[in-house]
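Engineer: one predicted model, sequence on top.
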Amino acid sequence: DIQMTQSPSSLSASVGDRVTITCRASHGINNYLAWFQQKPGKAPKSLIYAASSLQSGVPSKFSGSGSGTDFTLTISSLQPEDFATYYCQQYNDYPLTFGGGTKVEIK
Amino acid sequence: EVQLVESGGGLVQPGGSLRLSCAASGFTFSDHYMDWVRQAPGKGLEWVGRTRKKANGYTTEYAASVKGRFTISRDDSKNSLYLQMNSLKTEDTAVYYCTRAAGAGYTPWDYWGQGTLVTVSS
């Protein structure tokens, strides 16, 4: 199985901050990497696919980058509605696997 | 508007069975792979399994943790996805989400349902 390791597991940031979350795959995943946002008590929301492509309707403050095994999600200017847990996920191979999540909290 | 609405969750005893449904609307259901993803209370996300579309023989994939106990099926005439869960264990307690894969092959998810809670407890 492909292991997905996210870091940090949590972070505190202020409104307006630039935030970067890292995801590392145990094997190369051909950029078949997605990012999701989940708020408490809600279903996840798809943000990014193919490592850097935004899902329809997702604001451009979210961006993804990386290739091979190392990927990042960046939020350019954190807003109150962005405080949530973020997950990466690989869809290159079965079983499909997720990172452990990064909780973004208000400083 | 794409909508995925899960139902069928509830309380079940260990060893019991439950069938979840996901009603899809707002898109051509038969054109898409569909998946189930679950989340245990306070934990992260775990993929459960996938059904491909008719053109791919309705073939399925499963996580090792559920293989042999869970069965995913679909009824394209009813725009519905199902998850038959047998021999349930306490560790199957989770919110179960259905997800739509954007296409076929190496395809990401683009839409999620709101989830249905399954509690396995005596």
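Structural biologist: That came through fine.
Engineer: in chain B, which spans are helices?
Structural biologist: With DSSP state H as the criterion, chain B has no helices.
Engineer: residue of it nearest chain A, please.
Structural biologist: Closest contact between chain B and chain A, by C-beta to the nearest C-beta, is at B:Pro108 (3.6 Å). Every residue, glycine included, has its C-beta placed from N, CA and C.
Engineer: look at that residue and report its pLDDT.
Structural biologist: As predicted, B:Pro108 sits at a pLDDT of 92.
Engineer: what are the phi and psi values at it?
Structural biologist: Note on B:Pro108: backbone dihedrals following degrees, to the nearest 10 are phi -80, psi 170.
Engineer: what is the burial count for the nearest residue to it once chain neighbours are set aside?
Structural biologist: For B:Pro108, ignoring the flanking residues on the chain, the nearest one in space by C-beta to C-beta, 6 or more residues apart in numbering or on different chains is A:Tyr49 at 3.6 Å. Applying other C-beta atoms under 10 Å in any protein chain shown, we find 22 residues neighbouring A:Tyr49.
Engineer: same question for A:Lys107.
Structural biologist: Neighbour count of A:Lys107, defined by other C-beta under 10 Å: 9.
Engineer: ok, now B:Pro41?
Structural biologist: Residues contacting B:Pro41 under the criterion other C-beta under 10 Å number 9.
Engineer: quick revisit: next up, the contacts around the residue of chain B closest to chain A.
Structural biologist: The neighbours of B:Pro108, taking C-beta atoms under 8 Å, 6 or more residues apart in numbering or on different chains as the test, are A:32, A:34, A:46, A:49-50, A:91, B:101-102.
Engineer: go again using 10 Å as the cut-off
Structural biologist: Listed by C-beta atoms under 10 Å, 6 or more residues apart in numbering or on different chains, the contact set of B:Pro108 reads A:32-36, A:46, A:48-50, A:53, A:55, A:89, A:91, A:96, B:99, B:101-102.
Engineer: the residues you listed in strands, which ones?
Structural biologist: Under the assignment DSSP state E, these contribute A:33-36, A:46, A:48-49, A:53, A:89, B:99, B:101 to strands.
Engineer: now do the residue lying closest to B:Asn56 once chain neighbours are set aside: how many residues are near it, please.
Structural biologist: In this structure, B:Asn56 finds its nearest non-sequential neighbour in B:Ala104, 6.7 Å apart by C-beta to C-beta, 6+ apart. Residues within reach of B:Ala104, counting by other C-beta under 10 Å, total 13.
Engineer: repeat for A:Ala34
Structural biologist: Other residues close to A:Ala34 by other C-beta under 10 Å number 26.
Engineer: and the one 10 residues further on, by the same measure?
Structural biologist: Neighbouring residues of A:Pro44 were enumerated by other C-beta under 10 Å; the total is 24.
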